[in-house]
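> predicted structure and sequence below. I'll ask about it afterward.
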Amino acid sequence: MSARRALGLAVGDLYRNSWRLVPINAALGAVLVFAAVAAIAVHALLVLAVLAGPIAAALAHCSVTLVRTGNLVLADAWEGLRLHWRRGLGLGAAGVALGVLAALAVHFYTRSSVGWPFAFVTLYLVVLLGIYAAVLTTVAVANLELPLRPAARTAAALVAQRPGTTLFLGLALLLVNVAGFAAAVMPFLTITVAYSFVAVAHFVLPAEAREV
């Protein structure tokens, strides 16, 4: 499926199921905000952001379920959390580690008079890894029988097959989330991340995996 069509279909899915997706998305945002605020007082508390991983996996599960069946109920969020919390913790830990390393690298390079190009490259790599992480999370959730490493290879193969289209989708979703965050905190917490997961599910899942 093309990136444009995936983005368009996600709009319709979100419109019809927003009240089901908003609670789990709000929980994800609340954990991230709480971890960020706590880390201001005690830096080590940033580790609490790892807890966002299982919630993100549950949100991805809801998105995959919606794309595959055309139906979604609130119980799907709890089912996703039950099925994928371990993988979610692993992905969350990797995401936190990546974020800390990226922040340290950008801080180091921006303090250097010649480091700005390296800071830009670091941010660019973070964006690329973020796009890959969204694909990986969707693949891992959609294929529970696959261990995480084979799921990572499958996700890498999907990205490699359509690098330009995947980059376009990722940048479009990045703009959506940045716009939502710039408008206000609550839209970021309650709608844009859910939209992103649904769009990625449409983009990643093969046509035969959809019942409607």
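Yep, it's here.
> could you point out which element follows the lowest-mean-pLDDT helix or strand in the chain?
Within the chain, confidence by mean pLDDT, DSSP states H and E is lowest for helix 185-187 among all helices and strands, at a mean of 55. Past helix 185-187, heading to the C-terminal end, the next element that is a helix or strand (DSSP states H and E) is helix 193-204.
> which residues touch that next one?
Counting contacts by C-beta atoms under 8 Å, 6 or more residues apart in numbering, the residues outside helix 193-204 that touch it are 1, 3, 5-7, 9-11, 13-14, 18, 21-22, 24-25, 28-29, 56, 59-60, 62-64, 66-67, 134-135, 137-139, 142, 158, 166, 169, 173, 176-177. From N, CA and C alone the C-beta is placed, and that goes for glycine too.
> do stretch 38-48 as well
Taking C-beta under 8 Å, 6+ apart as the rule, stretch 38-48 contacts 31, 34-36, 96, 100.
> of those, buried ones?
When burial is judged by neighbour count using 16 or more other C-beta atoms under 10 Å, the buried members of those are 31, 35, 96.
> so where's this structure uncertain?
When residues are selected by pLDDT under 70, those of the chain lie in 184-190, 207-212.
> for it, what's the longest helix?
Secondary structure of the chain read by DSSP state H shows that its longest helix is helix 3-41.
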